[in-house]
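Undergrad: Predicted model follows, preceded by the sequence.
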Amino acid sequence: MAARARARLDPAHWDFFAGGAGNERTLRDNEDAFERWRIVPRVLRSPGERDLRTSLFGDELATPVLVAPTAFHGLAHPAGEVATARGAADVGTVMVVSMAATAPVERIAMAGGPLWFQLYPQPDLTFTESVVKRAEAAGCRALVVTVDSPVFGRRERDLRNGFLDLPPGLLCENMRDDTGRVRNIAMDPDLGWQRIEWLRGVTGLPILLKGVLHPADARLAVAHGVDGVVVSNHGGRQLDGVVATVDALPAVVEAVGGRLPILLDGGVRRGTDVLVALALGATAVLVGRPVLWGLAADGADGVRNVLQRLTTELDQGLALAGAARPADLTGDLVVARP
Ligand SMILES: Cc1cc2nc3c(=O)[nH]c(=O)nc-3n(C[C@H](O)[C@H](O)[C@H](O)COP(=O)(O)O)c2cc1C
Ligand SMILES: CCCCC(=O)C(=O)O
């Protein structure tokens, strides 16, 4: 799917989607780290018909594989995020809409599937609040606050390509203010826990923090009353050299101690990767680039295809490991290779 996407994309846009920060160590390591885990299956457990349904914040999803928020789907396919949302809705999972989407959240919502909204809190609080209200009004079911980006990562492919902004005709439609002007997305170096407390007062939606890697931050997330944590390094696009997400997961799971759902993204490319993440304590995973490859290759069908394949592989993996449902995937079913 990646090869088909690459053949279709402008090379600078391929680099924007595929690339990471710095030497791309973390980008590579997210995938490689899954190679270091091995499954220790159970036998004679009569897994029967598997049941992949996953509850999150009161909604039931058909699969624990969600669509990570990624920017600029209009670069991948003319139907952009609307096509992505259709593919996700078809498989019965959540699409997390990026704040940097090239389609308005109201139109993405027309695909009918469950949406969450990803937020970069802006220094302008009045505007930030208006974006949150807009996402709520469009029917988004949770807010995913990206906390790993006080400044933008150094993406050398984009610097080399001179890829700085969207081409004419594409805009960050959810950055329109009440005068109709489209604002630039600001990264806020002053973002701190007080902003999370402020957000808690602004919205009744569940709040997830995306980009937690350190167990101390996971404990603070619990203390601040957030509703979920996404173990993520932004797909290796922010700080290069950061720990791979599946390697960071166990300590975060231990710190949270079951008080919040923990999700993971980064390097999930196979159903067996999902299986390993769930066995290590994640409730669900999100996929970024594979969804973009599906979108670029085949639009909504390609997105559906990618999500369905991961789900089918997970289903088969569950049966072969002796599990009937995600909750049966316990930590004893995986070992780290020496
Ligand atoms: C092209 C691209 C754009 C992204 N845009 C956003 C974004 O707007 N907001 C955000 O929180 N994360 C963004 N991310 C990070 C993803 O949500 C996710 O953390 C990452 O892609 C997961 O890794 P994977 O691509 O290996 O599955 C982006 C990632 C990519 C590849
Ligand atoms: C202003 C767009 C930010 C997109 C993003 O988060 C990424 O490219 O990783």
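TA: Noted; the coordinates are in hand. Ligands and ions are numbered 1, 2, ... in the order given.
Undergrad: quick one, what contacts the residue nearest the centre of the chain?
TA: In the chain, the centroid-proximal residue (C-alpha atoms, centre = their mean) is residue 68; its distance is 2.4 Å. Taking C-beta atoms under 8 Å, 6 or more residues apart in numbering, we find residue 68 in contact with 96, 232, 235, 265, 286, 287, 288, 291. For glycine as for every other residue, the C-beta is placed from the backbone atoms N, C-alpha and C.
Undergrad: let's go with 7 Å and repeat that
TA: Shown in contact with residue 68 (C-beta atoms under 7 Å, 6 or more residues apart in numbering): 96, 265, 286, 287, 288.
Undergrad: Which residue, neighbours along the chain excluded, lies closest to residue 222?
TA: The shortest distance from residue 222 to any non-neighbouring residue, by C-beta to C-beta, 6 or more residues apart in numbering, is to residue 259 (5.1 Å).
Undergrad: So that neighbour: helix, strand or coil?
TA: Following DSSP: H, G, I helix; E, B strand; the rest coil, residue 259 is assigned to coil.
Undergrad: burial count for it?
TA: Neighbourhood size, residue 259 [other C-beta atoms under 10 Å]: 13.
Undergrad: Ok, residue 37 next?
TA: Count around residue 37 with other C-beta under 10 Å applied: 19.
Undergrad: ok, residue 189 touching residue 152?
TA: No: contact criterion C-beta atoms under 7 Å: residue 189 and residue 152 do not qualify, at 10.4 Å.
Undergrad: rewinding a little: which pair in the contacts of residue 68 has the greatest spatial separation?
TA: Longest distance between any two of the contacts of residue 68 is 10.6 Å, between 96 and 287; criterion C-beta to C-beta.
Undergrad: Just want to check the distance between the single nearest residue of the stretch 201-338 of the chain relative to ligand 1 and ligand 2.
TA: Across the stretch 201-338 of the chain, no residue is closer to ligand 1 than residue 288, which sits at 2.3 Å (C-beta to the nearest ligand atom). Distance of residue 288 to ligand 2, given as C-beta to the nearest ligand atom, to the nearest Å: 9 Å.
Undergrad: List the contacts of that residue.
TA: With contact set as C-beta under 7 Å, 6+ apart, residue 288 has these partners: 68, 70, 235, 265.
Undergrad: Which members of these occur in strands, if any?
TA: Among the contacts of residue 288, the ones falling in strands (DSSP state E) are residue 265.
Undergrad: so which of the contacts of residue 288 also contact ligand 1?
TA: Taking C-beta under 6 Å from any ligand atom as the test, ligand 1 is in contact with 68, 70, 235, 265 out of those.
Undergrad: now the strands for this protein?
TA: Taking DSSP E as the test, the strands found in the chain are 37-39, 54-56, 59-61, 65-67, 95-97, 115-119, 143-146, 207-212, 228-231, 262-265, 284-287, 334-336.
Undergrad: As a markdown table, the ones you listed with mean pLDDT would be great.
TA: What follows is the strands of the chain, written out as a markdown table (pLDDT from 0 to 100):
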| stretch | mean pLDDT |
| --- | --- |
| strand 37-39 | 98 |
| strand 54-56 | 98 |
| strand 59-61 | 97 |
| strand 65-67 | 99 |
| strand 95-97 | 99 |
| strand 115-119 | 99 |
| strand 143-146 | 99 |
| strand 207-212 | 99 |
| strand 228-231 | 98 |
| strand 262-265 | 99 |
| strand 284-287 | 99 |
| strand 334-336 | 97 |
